[in-house]
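Enquirer: pasting the sequence and the predicted model now:
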Amino acid sequence: MHDDPRQELATIWDGVREELRQTLPQSAFEHWLEPLRAIGVEGTRLYVSGPERVRDWFRRRYGASATAALRRRSPALTEIVFTNPPAGGDGRDPDPGPGFAPPVPPGLAAGLDFDHFVIGAGNRFAHSAALAVAESPGESYNPLFLYGSPGLGKTHLLVSIAGYLADRRPDLDVAYTTVERFTSEFVTALRGDGRPAERFKQRYRGVDVLLIDDVQFLEGKARTEDEFFHTFNELYAQGSQIVLSSDRPPEALGRLSERMRDRFAWGLTIELQAPDPATRVTLLRRLAAGHGIPIPDAEVLQQIAGAAPANLRRLEGALTRVTAFASMLGEAPSVDLARRALGADAGPGEPTAGPAPGGEPLERIQRAVCDVLHLSLEDMSSPRRAPNVVRGRQLAMYVARNRTDLSLAEIARGFDRDHSTVIHSIRRIERDLEPGSDVHRVLERIHERLHRDGEGA
């Protein structure tokens with residue numbers, strides 16, 4: 001025994017730490033174990049203190065291992081108690097800086113939970129796997145990789161997992177993000193004096209569950225991919241749950257490094273497929289109820305479902321168009337009205353959207369917007385920032401997202417922009433899109449122009 005009790009405590013705790021060092025990744029040791037200090041003994045208990053978030057994470061992850069190591073080092077001590085630092089001590093939480101966004105961005109979680117997810121043949125397996133991950137994070141499928149075309153429910157499932165864990169496992173640190181946001185935070189962290197970069201690493205490498213959307217946008221971002229690669233490795237080594245979404249399977253992400261694609265395929269990979277007719281009708285009923293729209297009869301719903309079979313966004317756009325036509329004409333929604341609104345030649349189950357001769361769908365949308373707003377086609381990809389030009393681009397991007405199967409990146413390339421501009425434009429239009437608004441009236445004119453030009457719905 002040491003004459004100095006403080007030295008004795010330090011010796012015991014240093015021994016525990018050295019034993020644990022052998023089982024922890026180096027960065028995990030530095031971030032989560034290094035800041036902890038033994039501050040006292042009472043009976044058979046060793047009291048350990050440090051920054052609150054650090055000690056809470058360590059207690060959840062390694063509390064049992066640390067206790068076992070303590071008993072081997074000092075049999076008289078059988079329990080570790082993690083506690084607040086003493087008054088005036090140096091165990092204060094580090095300055096969080098500007099902070100990170102909440103686990104799920106405000107507004108995104110509205111209606112996105114397992115109860116509101118419409119299950120069909122094309123997504124049943126993905127739903128089951130996501131629920132299994134939510135019930136047993138880190139134990140079922142790790143990583144879980146969901147892929148499929150836009151609008152099929154990938155984000156819905158990721159946010160559902162986050163919400164489920166927030167309700168049932170508040171002890172877990174859960175983070176939902178997109179590659180866009182991850183990249184933005186990473187670039188911001190690199191501009192600091194070193195501390196922002198460390199806080200960034202602590203934020204993402206210390207979570208219990210990481211849900212990250214649109215990993216295809218890691219392509220072409222070498223430094224961000226490298227950072228995410230190391231983040232992935234740390235989380236996987238710690239047993240943290242990782243859930244990823246993409247518009248393509250791992251093997252099709254050709255511009256990512258082989259090591260990254262290999263890790264994406266370590267766990268379970270599932271494709272979400274377009275909803276079948278019965279699921280589309282159920283989705284339309286759910287959409288109508290959610291928006292307070294009187295639900296049309298079954299034949300009308302089947303007509304709408306047949307006109308926009310690809311994804312949820314196109315279904316919602318078709319439903320909005322039919323109800324808008326009905327409102328403007330003062331008629332109740334009917335099969336005939338739905339045909340007039342969505343394409344007279346479409347019967348139930350027949351998609352009306354499709355390429356027409358003479359150009360790509362995106363260019364036809366751009367031309368329709370230019371005709372309605374009296375812009376030139378060159379304005380769509382020009383650097384001009386005049387309000388009417390910006391609004392025209394936003395409208396064209398919104399229509400393209402709802403009336404084509406193009407990805408965000410493909411739409412962005414058509415405007416000589418990046419995908420973040422497309423996301424911002426869609427949100428601006430959605431924010432201003434109220435029945436009877438100027439945006440609503442302009443969109444109706446754009447849809448009418450597309451219909452006359454043979455675009456269909």
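Expert: Happy to help now that I have it. Numbering: from 1, shown residues only.
Enquirer: quick one: the strands in this protein, in order.
Expert: 37-42, 45-49, 79-83, 144-147, 174-178, 209-213, 241-246, 268-271 (DSSP state E).
Enquirer: need the phi and psi values for the residue nearest to P361 when sequence neighbours are not counted.
Expert: Nearest residue to P361, sequence neighbours excluded (C-beta to C-beta, 6 or more residues apart in numbering): T404, at 5.1 Å. For every residue, glycine as well, the C-beta is placed using N, CA and C. Backbone torsions of T404, given as degrees, to the nearest 10, read phi -130, psi 170.
Enquirer: ok, T404 touching E363?
Expert: No - with contact defined as C-beta atoms under 8 Å, T404 does not reach E363; the gap is 11.0 Å.
Enquirer: more crowded one of those two?
Expert: T404 (22 against 14; other C-beta atoms under 10 Å).
Enquirer: how close does the more buried one sit to V442?
Expert: For T404, the distance to V442 (C-beta to C-beta, to the nearest Å) stands at 19 Å.
Enquirer: and if you look at E180?
Expert: For E180, the distance to V442 - C-beta to C-beta - is 28 Å.
Enquirer: check L283 too.
Expert: 27 Å.
Enquirer: more neighbours: which of those two?
Expert: L283 (21 against 17).
Enquirer: my guess is that one contacts R313. True?
Expert: No - counting by C-beta under 8 Å, L283 stays clear of R313, with 10.9 Å between them.
Enquirer: so what sits against both of the two?
Expert: Residues touching both L283 and R313 (C-beta atoms under 8 Å, 6 or more residues apart in numbering): none.
Enquirer: ok, and the closest non-adjacent residue to L373?
Expert: G392 is the one closest to L373 (C-beta to C-beta, 6+ apart), at 4.8 Å.
Enquirer: so that neighbour sits against A368, correct?
Expert: No - using C-beta under 8 Å, G392 is not in contact with A368, being 10.6 Å away.
Enquirer: the domain parsing of this structure - what is it?
Expert: 5-83, 114-271, 277-342, 361-452 (automatic domain parsing).
Enquirer: end-to-end on the last one?
Expert: What it means is domain 361-452. Start and end residues of domain 361-452 are separated by 14 Å (C-alpha to C-alpha, to the nearest Å).
Enquirer: likewise the longest one?
Expert: When the termini of domain 114-271 are compared using C-alpha to C-alpha, they are 18 Å apart.
Enquirer: give me the distance from it to the chain's centre.
Expert: 8 Å (C-alpha atoms, centre = their mean, to the nearest Å).
Enquirer: ok, the nearest residue to G40 once chain neighbours are set aside - contacts?
Expert: Excluding the flanking residues, the one nearest G40 by C-beta to C-beta, 6+ apart is Y47, at 4.5 Å. By C-beta under 8 Å, 6+ apart, the contact set of Y47 is A38, I39, G40, V41, I80, V81, T83.
Enquirer: let's go with 10 Å and repeat that
Expert: Y47 makes contacts with 9, 37-41, 79-84, 86, as judged by C-beta atoms under 10 Å, 6 or more residues apart in numbering.
Enquirer: cool, thanks, signing off.
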